[in-house]
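Engineer: Return atomic coordinates for the entry below.
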Amino acid sequence: MRAPNEPLVRCEVERFVPGPGEVVVRVVGCGLCHTDLGFLFDGVRPRHDLPLALGHEISGEVVDAAQGLDRWIGRAVIVPAVTPCGDCEACRSGRGTICARQVMPGNDAHGGFASHVIVPARGLCPVHEAGALEGRPLGRAGVTLAELAVLADAVSTPYQAVRRSNLSRGDLAVVIGLGGVGGFAAQIARSRGATVVGIDVDPRRLESLSHHGVLLSIDPAGKDPREVRNAIARFAAAEHLPGHSWRIFECSGTKAGQELAWSLLVPDAHLSVIGFTRDKAELRLSSLMALDATARGNWGCLPELYPEALSLVLEGGVAVKPFVEVHPMDEIQAVVEDARRHRLGKRPVLALTAQEDPR
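Structural biologist: I've put the predicted structure just below:
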């Protein structure tokens with residue numbers, strides 16, 4: 001990326017040499033995220049100066065490492081979208097997601113829309129299954145290492161948000177926005193025993209997720225928020241679920257979605273804001289007080305939670321394969337344009353072709 005609203009440019013760089021605590025990862029797959037589109041088109045500024053290689057959903061193979069880290073060479077890995085430093089007060093107290101020295105590929109440093117990337121070794125999530133680097137199907141789910149790139153954000157971020165909400169069996173989960181992140185949030189909630197309501201304006205998403213854990217599907221287009229809330233309340237009563245303590249996950253990253261999420265607050269509700277938009281939402285903050293409810297944001301996912309999320313995917317608790325599609329890296333500009341114009345039905349992953357692979 002050279003500048004906002006300009007085409008991405010392919011360029012050659014010198015061989016990457018890892019510094020202390022770093023490794024070089026040969027990129028097998030890198031997912032395209034809404035955040036990347038925000039950098040490209042919406043005026044969101046990355047922390048690293050331009051030009052910058054974007055991409056923070058990375059899976060690959062460690063091919064070089066700093067001194068003392070040779071044990072990583074040859075391993076298949078998932079690179080955390082956000083890697084805390086591990087040494088500061090925030091990290092030592094378990095709050096690594098607010099680490100001031102965190103590293104996010106494609107934001108703080110060059111990212112995964114490339115053949116290689118330099119990343120901290122700390123926090124790497126190894127993929128132990130045999131055949132990962134040969135592109136073989138892995139685990140019960142039959143997912144490939146390239147497809148697992150979405151674990152780095154689209155799966156792990158809602159995984160942390162669901163864990164933080166203390167959602168458990170018998171709870172009602174409401175997911176607003178069933179795109180890449182929201183679709184996985186719905187599945188994760190279902191895997192923990194919750195009854196899931198999915199809300200989206202795209203009937204294809206509603207239909208698809210109805211086969212993966214969403215029991216009530218709602219298209220909010222043209223509906224008053226009270227109508228949506230009443231529909232959920234009737235459903236909860238019919239399912240013998242309480243009318244309080246709903247777990248609400250806002251994943252649409254839109255003003256309308258955020259305002260709808262706020263309108264669905266009930267006594268003791270927990271609202272997790274996962275989606276991002278620069279638009280300002282109008283809401284009555286006093287609802288939190290009156291309903292004794294909780295609202296919290298969610299930035300990324302702690303690296304120590306990645307192995308749990310990976311196991312959930314490999315064991316089939318969360319279906320990834322039906323919701324991603326792999327494209328050649330050299331088609332990235334067309335994929336970016338299609339994603340921007342909502343022409344893609346699945347979350348895209350960019351991968352090098354055999355001709356481009358620098359091995």
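Engineer: where along the chain do the strands fall?
Structural biologist: For the chain, the strands defined by DSSP state E occupy 22-31, 57-65, 76-79, 116-120, 125-126, 172-176, 195-199, 214-218, 247-250, 270-273, 294-297, 324-328, 347-351.
Engineer: and the last one, which strands flank it?
Structural biologist: Next to strand 347-351 in the sheet, as set by DSSP bridges, lie strand 22-31 (antiparallel), strand 324-328 (parallel).
Engineer: so Gly182 makes contact with Cys251?
Structural biologist: Yes: assessed by Cβ atoms under 8 Å, Gly182 is found in contact with Cys251 at 3.2 Å. In this view, the C-beta of every residue, glycine as well, is placed from N, C-alpha and C.
Engineer: how near is Gly153 to Tyr159?
Structural biologist: For residue 153 the amino acid is Asp, not Gly. Using Cβ to Cβ, to the nearest Å, Asp153 is found at 10 Å from Tyr159.
Engineer: Overlap of the contact sets of those two?
Structural biologist: The overlap between the contact sets of Asp153 and Tyr159 (Cβ atoms under 8 Å, 6 or more residues apart in numbering) consists of Cys301.
Engineer: Which residue is the nearest non-sequential neighbour of Lys321?
Structural biologist: Val143 (5.1 Å; Cβ to Cβ, 6 or more residues apart in numbering).
Engineer: now do Gly275
Structural biologist: Nearest one to Gly275, counting by Cβ to Cβ, 6+ apart, is Gly253 at 3.0 Å.
Engineer: overlap in contacts of Gly182 and Cys251?
Structural biologist: Pro158, Val175, Ile176, Ile274, Gly275.
Engineer: and His342, what pLDDT?
Structural biologist: The per-residue pLDDT reported for His342 equals 89.
Engineer: give me the number of residues near it?
Structural biologist: By other Cβ atoms under 10 Å, 9 other residues sit near His342.
Engineer: Give me the distance between it and Arg101.
Structural biologist: His342 is 36 Å from Arg101, by Cβ to Cβ.
Engineer: Could I get the pLDDT score of the residue nearest the centre of the chain?
Structural biologist: Of all residues in the chain, the one closest to the mean position by Cα atoms, centre = their mean is Ala154, 1.9 Å from it. Ala154 carries a pLDDT score of 97 in this model.
Engineer: Name the residue in Gly182 and Cys251 with the higher neighbour count.
Structural biologist: Cys251 (32 against 27).
Engineer: Cool, thanks, talk later.
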